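one predicted model, sequence on top.
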Amino acid sequence: MTVAERGSTTIRERAVARIVAKAAAEIDESGGVGRTVLGVPVPGRRPARTEVRVHGDVVTARVAMSVAYPMPVRAVARQVRESVRGRVAELTGLTVRQVDIDVSELGRPDAGERTVL
């Protein structure tokens with residue numbers, strides 16, 4: 001059987017976006033974004049927002065997330081990029097060309113927790 005006879009596998013952008021969100025969540029210092037209704041904050045968090053474009057075997061991704069305070073934003077963003085590239089390649093075989101990170105907020109410690117610098 002030749003390669004042409006076997007067919008092809010298509011991975012939808014939505015599936016890649018979920019992998020990107022899970023990969024971002026694997027980094028302890030990163031988190032989802034706060035929830036709002038009509039611009040008013042409400043309790044709870046949602047996972048990091050992702051936008052993904054797949055062009056052939058190449059993926060570009062944008063991740064909107066929070067970073068735990070007082071962690072260095074650049075270092076956390078670098079870890080998320082590496083995690084996204086590795087997980088997408090491992091699970092899909094696609095190459096991630098670019099990962100844009102938008103840090104939309106810094107997470108605050110929960111009430112009663114102290115942050116020691």
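Thanks, I have it.

next one: the longest helix along the chain to chain centre, how far?
The residue-count maximum for a helix in the chain (DSSP state H) belongs to helix 73-92. Distance of helix 73-92 from the chain centroid (C-alpha atoms, centre = their mean, to the nearest Å) equals 8 Å.

longest strand in this structure, please.
strand 95-107 (DSSP state E).

tilt between that strand and helix 73-92?
140 degrees (axes from the mean of the first three to the mean of the last three C-alpha atoms, to 10 degrees).

starting from strand 95-107, tell me which strands it pairs with and how they run.
strand 58-68 (parallel) (DSSP bridges).

buried stuff in the strand it pairs with?
By neighbour count on 16 or more other C-beta atoms under 10 Å, the buried set for strand 58-68 is 59, 61-68. All C-beta spots, glycine's among them, are computed from the backbone N, C-alpha and C.

how about it as PDB, C-alpha atoms only?
Provided in PDB are the C-alpha atoms of strand 58-68 (Å, rounded to 0.1, in the frame of the first residue of the first chain):
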ATOM      1  CA  VAL A  58       2.800  24.700  10.900                       C
ATOM      2  CA  VAL A  59       1.000  26.100  13.900                       C
ATOM      3  CA  THR A  60       0.900  29.700  15.200                       C
ATOM      4  CA  ALA A  61      -0.700  30.200  18.600                       C
ATOM      5  CA  ARG A  62      -1.700  33.100  20.900                       C
ATOM      6  CA  VAL A  63      -2.200  32.400  24.700                       C
ATOM      7  CA  ALA A  64      -3.900  34.900  27.000                       C
ATOM      8  CA  MET A  65      -3.100  33.900  30.600                       C
ATOM      9  CA  SER A  66      -2.300  35.100  34.100                       C
ATOM     10  CA  VAL A  67       1.000  34.800  35.900                       C
ATOM     11  CA  ALA A  68       1.300  34.100  39.700                       C
END
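
cool, thanks, signing off.
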